[in-house]
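can you look at this prediction? I've put the sequence above it.
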Amino acid sequence: MQTHTTSPPGSGSFAPLRQPVFAVLWCATVLGNIGTFMRDVASAWMVTELSASPAAVAMIQTAATLPVFLLALPAGVLSDTLDRRRLLIAVQVLLACVSVTLLVLASTHTLTVGSLIALTFVGGIGAALMGPSWQAIVPELVPRADLKNAVALNSLGVNIARAVGPAAGGLLLASFGAAAAYGADVLSYVFVIAALLWWRRPAAEPAAVPEQFFGAFRAGLRYARASHELHVVLLRAALFFMLASAAWALLPLLARNMLGGSAGFYGLLLGAVGVGAIAGAVLLPALRRRLGPDAQVLLASLLTASVVAALSLVPPQWLAVPLMLVLGAGWIIALTTLNGVAQAVLPNWVRGRGLAIYLMVFNGAMAAGSLGWGLVAQQLGVAQTLLAAAIALAAIALAAHRIRLPIGEADLQPSNHWPEPLLAAPVAHDRGPVMIQIEYRIRRPDLPAFMQAMQALALDRRRDGAYAWGVAEDTADPERVVEWFLVESWAEHLRQHQRVSKAAADLQGEVLRFHVGPERPRVHHFLALDPHGARAPVPVPAHPH
């Protein structure tokens with residue numbers, strides 16, 4: 001289902017741009033992001049003209065990020081169950097309508113704080129629906145060997161847009177007004193929609209056991225609930241972004257009221273953040289060779305805290321620009337490191353949903369932090385709030401450094417080592433729940449070590465689809481030990497066969513070392529019956545397996 005060509009992969013950082021579809025979509029995405037940053041600059045500045053309240057200014061940031069927090073996981077499920085190209089086109093049309101509405105309101109001088117917040121919220125809904133799909137289409141556009149370079153180029157494109165968009169938006173805002181910035185954003189959507197219409201994405205092959213929306217939603221939640229490694233990444237991300245959001249939430253007030261800048265100066269500050277992020281991205285490979293992920297996040301936190309503390313002292317305008325460069329570098333180091341660790345601990349089958357949960361936490365932390373710091377600033381003042389945020393960020397970063405990020409070196413590729421279950425007759429996919437029992441023969445002295453190995457395996461069973469798990473011994477034969485787990489349907493258990501990773505196979509190998517029976521452990525599958533003992537009818541499949 002790939003749409004890339006067969007040119008030699010892996011020949012350099014810019015090799016993915018040799019794939020025509022990736023190059024066109026990458027350029028369109030850069031233009032689209034430039035337009036989005038221009039729109040955001042105009043909205044953030046306009047709210048300062050319409051209201052002097054720090055809470056109102058911070059609400060713009062909250063309105064932009066809260067929808068991603070609320071809708072990231074459903075968007076990840078939609079990305080896995082719908083045609084991604086059509087979904088992206090529909091979202092781009094929605095976002096274009098938002099910018100057209102802002103253009104009309106700004107041109108007629110009827111823009112209000114309420115309409116700005118509402119339209120920003122709708123734009124956030126579009127961003128929430130778009131994010132997982134943009135990430136998920138990259139493997140379709142380039143050879144596997146170029147995938148990491150393609151992801152890096154996407155990050156570079158975002159930071160190019162971050163450097164150009166705010167500066168261009170500030171210039172248009174200062175010269176021609178907010179309507180011009182909104183109009184430029186509308187034009188950018190024309191290029192993105194045209195590129196998506198030009199891309200002829202091949203139809204995906206139907207899955208042997210396709211997932212439905214709610215089943216896929218539950219599977220994603222089950223995985224996230226059972227993955228301790230993902231929990232650590234989410235905690236570290238939430239702490240950093242909630243505290244660091246003070247800089248973004250209060251930057252418009254800092255630029256206008258404390259530093260006495262114009263809209264152009266505000267755009268220059270945001271552009272400096274983008275340039276600093278590009279520089280940080282260029283330095284990251286050398287930084288990775290010297291520092292591990294934990295040290296990188298600590299460095300990024302201390303850099304960000306130092307900049308926020310310096311801004312609280314109300315520096316002159318010429319000094320604020322290099323401070324923004326450092327802020328951009330620290331931001332991209334934290335963002336790339338945490339996102340990379342999240343990618344490393346997620347298997348392919350749940351990657352979209354796992355990254356959606358990461359985006360949900362990221363944007364939820366940004367939304368809550370922006371609103372909280374805005375309310376604090378309303379009571380204490382902007383300068384005192386920035387100083388408090390800097391102290392809190394540095395202190396929490398030092399304390400959280402003890403919560404080590406996962407290494408992410410486990411082989412999560414499917415092992416396909418589970419044999420097909422034995423069936424006396426075909427089973428309807430929606431029948432369930434299903435109980436799986438595995439019988440072991442364990443010597444009594446080996447039981448404590450066996451149970452320790454089983455605890456690691458239990459987490460993997462739950463991640464791959466089990467909603468309950470346990471181990472029991474036979475009262476008549478204590479060396480006969482049964483592992484059991486429950487899966488919600490027969491279809492979900494068949495997917496479980498496809499999800500088991502090579503790392504899980506290694507865990508099962510550790511458990512099997514304690515089995516002393518003459519044969520391999522026996523596996524039984526039990527299907528629930530209704531109170532009358534009736535079985536669900538078995539539909540005739542449209543496509544034979």
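Sure thing, it's come through.

list the contacts of residue 72.
128, 131, 132, 356, 357, 359, 360, 363 (Cβ atoms under 8 Å, 6 or more residues apart in numbering). To be clear about C-beta, it is placed using only N, CA and C from the backbone, and glycine gets the same treatment.

can you do 6 Å?
128, 356, 359, 360 (Cβ atoms under 6 Å, 6 or more residues apart in numbering).

among the residues you listed, who's most crowded?
Within the contacts of residue 72, most neighbours by other Cβ atoms under 10 Å means residue 356, with 29 neighbours.

quick one: classify residue 469 as helix, strand or coil.
The assignment at residue 469 comes out as strand when based on DSSP: H, G, I helix; E, B strand; the rest coil.

what residues are bridge-paired with it?
Assessed by DSSP bridges, residue 469 has beta-bridge partners residue 485.

what about it, how many neighbours?
Neighbours of residue 469 under the rule other Cβ under 10 Å: 18.

my read: it touches residue 461, true?
Yes: taking Cβ atoms under 6 Å as the definition, residue 469 is a contact partner of residue 461 at 5.3 Å.

that older thread, could the contacts of residue 72 be laid out in JSON lines, adding distance to residue 474?
Formatted as JSON lines, the contacts of residue 72 follow (distance: Cβ to Cβ, whole Å):
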{"residue": "128", "distance to residue 474": "51"}
{"residue": "356", "distance to residue 474": "43"}
{"residue": "359", "distance to residue 474": "47"}
{"residue": "360", "distance to residue 474": "44"}
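
identify those among the residues you listed that sit within helices.
Among the contacts of residue 72, the ones falling in helices (DSSP state H) are 128, 356, 359, 360.

I'd like to know how far the second one sits from residue 262.
Between residue 356 and residue 262 the distance, using Cβ to Cβ, to the nearest Å, works out to 38 Å.

which residues touch residue 167?
267, 268, 271.

now do the shared contacts for residue 469 and residue 461.
By Cβ under 6 Å, 6+ apart, the residues touching both residue 469 and residue 461 are residue 485.

so residue 326, which of the three states?
Classification of residue 326 using three-state DSSP returns helix.

tell me the confidence at the nearest residue to it once chain neighbours are set aside?
What sits nearest to residue 326 in space, not counting adjacent residues and going by Cβ to Cβ, 6 or more residues apart in numbering, is residue 307, at 5.2 Å. At residue 307, the pLDDT value in this model is 93.

do residue 430 as well
In this model, residue 430 is scored at 75, pLDDT.

then residue 134?
81.

count of neighbours near it?
Residue 134 has 17 neighbouring residues, counting by other Cβ under 10 Å.

does it lie in a helix or a strand, and which?
With elements taken from DSSP states H and E, the one containing residue 134 is helix 113-141.

may I see the buried residues of the next helix or strand after that helix?
Per DSSP H and E, helix 113-141 leads on to helix 147-176 as the next helix or strand towards the C-terminus. Going by neighbour count (16 or more other Cβ atoms under 10 Å), the buried part of helix 147-176 is 147, 149-174.

need the next SSE after helix 147-176, C-terminal direction.
helix 178-198.

which strands or helices does the helix or strand just after that next one pack on?
Next helix or strand after helix 178-198 toward the C-terminus (DSSP H and E): helix 213-226. Contacts defined by 3 or more Cβ pairs under 6 Å, 6 or more residues apart in numbering; DSSP states H and E place helix 213-226 against helix 54-81, helix 447-464.

again, 8 Å this time
The contact analysis (3 or more Cβ pairs under 8 Å, 6 or more residues apart in numbering; DSSP states H and E) places helix 213-226 against helix 54-81, helix 351-380, helix 447-464, helix 490-499.

between those helices, which gets nearest to residue 334?
Of all the helices and strands packed on helix 213-226, helix 351-380 sits nearest to residue 334, with 10.5 Å by Cβ to Cβ.

any idea how far residue 360 is from residue 94?
Residue 94 sits 20 Å away from residue 360, taking Cβ to Cβ as the criterion.

can you check residue 269 too?
For residue 269, the distance to residue 360 equals 28 Å [Cβ to Cβ].

cool, and residue 347?
Going from residue 347 to residue 360 by Cβ to Cβ gives 19 Å.

same question for residue 227.
Residue 227 is 15 Å from residue 360, by Cβ to Cβ.

for residue 183, same thing?
Look at residue 183 and residue 360: by Cβ to Cβ, they are 32 Å apart.

so for the helix holding residue 134, what gets flagged as buried?
Burial within helix 113-141, assessed by neighbour count using 16+ other Cβ under 10 Å, is assigned to 113, 116-117, 119-141.

what's the offset of it from the middle of its chain?
Relative to its chain's centre, helix 113-141 lies at 12 Å (Cα atoms, centre = their mean, to the nearest Å).

now do that helix against helix 351-380, angle only.
Helix 113-141 runs at 150 degrees relative to helix 351-380, counting by axes from the mean of the first three to the mean of the last three Cα atoms, to 10 degrees.

check which helices and strands helix 113-141 is in contact with.
helix 20-50, helix 54-81, helix 84-107, helix 147-176, helix 351-380.

same question for the longest one: list its buried residues.
By neighbour count, with 16+ other Cβ under 10 Å as the criterion, the buried positions of helix 20-50 are 21-22, 24-26, 28-48, 50.

now swap in the last one and tell me
When neighbours are counted by 16+ other Cβ under 10 Å, the buried residues of helix 351-380 are found to be 351-374, 376-378.

next: the shortest one.
Along helix 84-107, the positions that meet the burial threshold by neighbour count (16+ other Cβ under 10 Å) are 84-85, 87-92, 94-99, 101-103, 105-106.

from residue 385, how far out is the residue lying farthest from the centre of the chain?
Taking Cα atoms, centre = their mean, the residue of the chain most remote from its mean C-alpha position is residue 476, at 50.4 Å. Look at residue 476 and residue 385: by Cβ to Cβ, they are 68 Å apart.

who's in contact with the helix or strand encompassing the residue nearest to residue 326?
Applying DSSP H and E as the criterion places residue 307 in helix 293-312. Outside helix 293-312, the residues that touch it by Cβ under 8 Å, 6+ apart are 236, 240, 244, 246-247, 254, 287-288, 291, 319-320, 323-324, 326-327, 329-331, 333-334, 337-338, 340-341, 383-387, 389-391, 393-394, 396-398, 401, 404-405.
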